[in-house]
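Student: How does the following fold in three dimensions:
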Amino acid sequence: MKLQQLRYLVEVAKQGLNVSEAAEKLHTSQPGISKQIRLLEDELGIQVFIRNGKRVVAVSEPGKEVLRISERILREAQNLKRVGDEFSKEAEGALTIATTHTQARYALPGVIAEFVRRYPKVRLSIKQGSPTQICDMVVSGEADLAIATEGISLYKELAMLPCYEWNRSIVAPDGHPLLALGRPLTLDDIASFPIITYDFAFAGRSRINQAFTDAGKTPNVVLTAIDTDVIKTYVKLGLGIGIIASMAFEPERDTGLQALDASHLFEPSTTKIGIRKDAYLRGYAYTFVELFAPHLHRKEVDSALHHGDDEE
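Tutor: Here you go, the predicted model:
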């Protein structure tokens, strides 16, 4: 039995049972993958994949368990490599952060600049997606850390570390009636106008919905987006007022718009980091976490990871 055979198994499953796509992803040949998988099946004495002619059409019941164990073995093999690299190449390696647009655009730039300054030989990658997509990236091993407001708590494989609280502002174009009220906004004020805000899966949207529901109000949401810059663009065009993360309003850049505080109307949201509970983190990964959330020292991160192990 070889690790390469396990990689082939896992990649075929990951590519929707498409052997050709798995071969392309792994830079090898389709016949080579098929041969190695059959050799492994012969050694195990079971059929991992169910076939119709030459096509793989399903995963057998014992095959599901083989895949689960194979994924774990490959993760542990990667952890072993990281242990070796930690001592032989302390300041070299790779770190992949999966995050949402709001975090990548507004919360991370300063952190990334400082990290790159400290670790110029570490290859840093940023992958963007929805909260579900970025959590899936960490669970599958495509990314090391997930940074998001929504979603992380839904994944039992991930340890969750709270980073910071944030709230929202209302953005409106210059001259908008809301800007002339001269008093704190109410939900009635906001509900009187068309609203542009985040897609439900993003940036604490659930807190916005909950506030209106609790007040017995129905907001007139005319447009949703995953990107704060898109929201601000359509607010500028006069399609409505925007509800955005306060950190995403930049007065020097957002000319033609003004922001009004709405933190008294909505419960604060918490941005979190998600890490696989069985991950071995390199030293520079702990540094990245602490740069992003200064209260999360190595001890706190390890405690969260090990607490996750205890729960299982």
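
Student: going forward, measure contacts between C-alpha atoms and count neighbours the same way
Tutor: Fine.

Student: Wait, residue 94 touches residue 124, no?
Tutor: Yes. Judged on CA atoms under 8 Å, residue 94 makes contact with residue 124 at a distance of 5.9 Å.

Student: what's the closest non-adjacent residue to the residue sitting nearest the centre point of the chain?
Tutor: Closest to where the C-alpha atoms of the chain average out (CA atoms, centre = their mean) is residue 134, at 2.8 Å. Of all residues not flanking residue 134 in the chain, residue 98 sits nearest, at 5.1 Å (CA to CA, 6 or more residues apart in numbering).

Student: With residue 138 instead?
Tutor: With CA to CA, 6+ apart as the criterion, residue 138 has its nearest non-adjacent residue at 5.7 Å, and that residue is residue 144.

Student: Show me the helices in the stretch 51-200 of the chain, by range?
Tutor: Listed in chain order, the helices of the stretch 51-200 of the chain (DSSP state H, counting those that start in this stretch) span 61-88, 101-102, 109-118, 131-140, 187-191.

Student: now do the stretch 201-312 of the chain
Tutor: According to DSSP H, counting those that start in this stretch, the helices that the stretch 201-312 of the chain contains are 205-214, 228-236, 283-292, 298-311.

Student: mean confidence for the second one?
Tutor: For helix 228-236, the mean pLDDT works out to 95.

Student: Quick check, pLDDT for residue 189.
Tutor: 94.

Student: picking up where we left off before, surely the residue nearest to residue 138 and residue 79 touch.
Tutor: No. Using CA under 8 Å as the test, residue 144 is too far from residue 79 to be in contact (11.6 Å).

Student: between these two, who's got more neighbours?
Tutor: residue 144 (23 against 17; other CA atoms under 10 Å).

Student: still on that earlier bit, and the residue nearest to residue 138, how far is that from residue 288?
Tutor: To residue 288, residue 144 is 11 Å away according to CA to CA, to the nearest Å.

Student: residues near residue 112, how many?
Tutor: For residue 112, using other CA under 10 Å, the count is 17.

Student: Repeat that for residue 57.
Tutor: Neighbours of residue 57 using other CA under 10 Å come to 14.

Student: In contact with it: list those residues for me.
Tutor: 17, 49, 50, 51 (CA atoms under 8 Å, 6 or more residues apart in numbering).

Student: Of those - the most surrounded one?
Tutor: residue 49 (23 neighbours).

Student: May I have the predicted confidence score for that residue?
Tutor: 90.

Student: My guess is residue 304 contacts residue 159. True?
Tutor: Yes. Counting by CA under 8 Å, residue 304 does reach residue 159; the two are 6.1 Å apart.

Student: And the two? Which one has more around it.
Tutor: Shown here are residue 304 and residue 159; by other CA under 10 Å, residue 159 has more neighbours (25 against 18).

Student: so who does that one touch?
Tutor: With CA under 8 Å, 6+ apart, residue 159 has these contacts: 274, 275, 276, 277, 304, 305, 308.

Student: how about low-confidence regions in the stretch 101-250 of the chain?
Tutor: In the predicted model, the stretch 101-250 of the chain carries pLDDT under 70 at residues 201-205.

Student: let's see 80
Tutor: Within the stretch 101-250 of the chain, the segments meeting pLDDT under 80 span 200-206.

Student: what's the neighbour count on the residue nearest to residue 134?
Tutor: 29.

Student: Report the separation between the residue nearest to residue 138 and residue 44.
Tutor: Counting by CA to CA - residue 144 and residue 44 are separated by 32 Å.

Student: In this structure the residue nearest to the centre of the chain contacts residue 96, no?
Tutor: No. The criterion here is CA under 8 Å, and residue 134 misses it with residue 96 at 10.8 Å.

Student: joint contacts of those two?
Tutor: 127, 143.

Student: Show me what residue 274 is bridged to.
Tutor: Counting by DSSP bridges, residue 274 forms beta bridges with residue 146, residue 160.

Student: How far off centre is stretch 105-119?
Tutor: Relative to the centre of its chain, stretch 105-119 is centred 17 Å away, using CA atoms, centre = their mean, to the nearest Å.

Student: If you count neighbours, what's buried in that stretch?
Tutor: Buried positions in stretch 105-119, judged by neighbour count with 16 or more other CA atoms under 10 Å: 106, 111, 112, 115, 119.

Student: out of these, what pair is the most spread apart?
Tutor: In the buried residues of stretch 105-119, the most distant members under the criterion CA to CA are 106 and 119, with 21.6 Å between them.

Student: ok, the residue nearest to residue 134 - contacts?
Tutor: 126-129, 134-135, 137-138, 143-147.

Student: and the residues you listed as a markdown table, adding distance to residue 58?
Tutor: Below are the contacts of residue 98 laid out as a markdown table (distance: CA to CA, whole Å):
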| residue | distance to residue 58 |
| --- | --- |
| 126 | 33 |
| 127 | 30 |
| 128 | 30 |
| 129 | 28 |
| 134 | 26 |
| 135 | 25 |
| 137 | 23 |
| 138 | 25 |
| 143 | 27 |
| 144 | 29 |
| 145 | 31 |
| 146 | 30 |
| 147 | 33 |
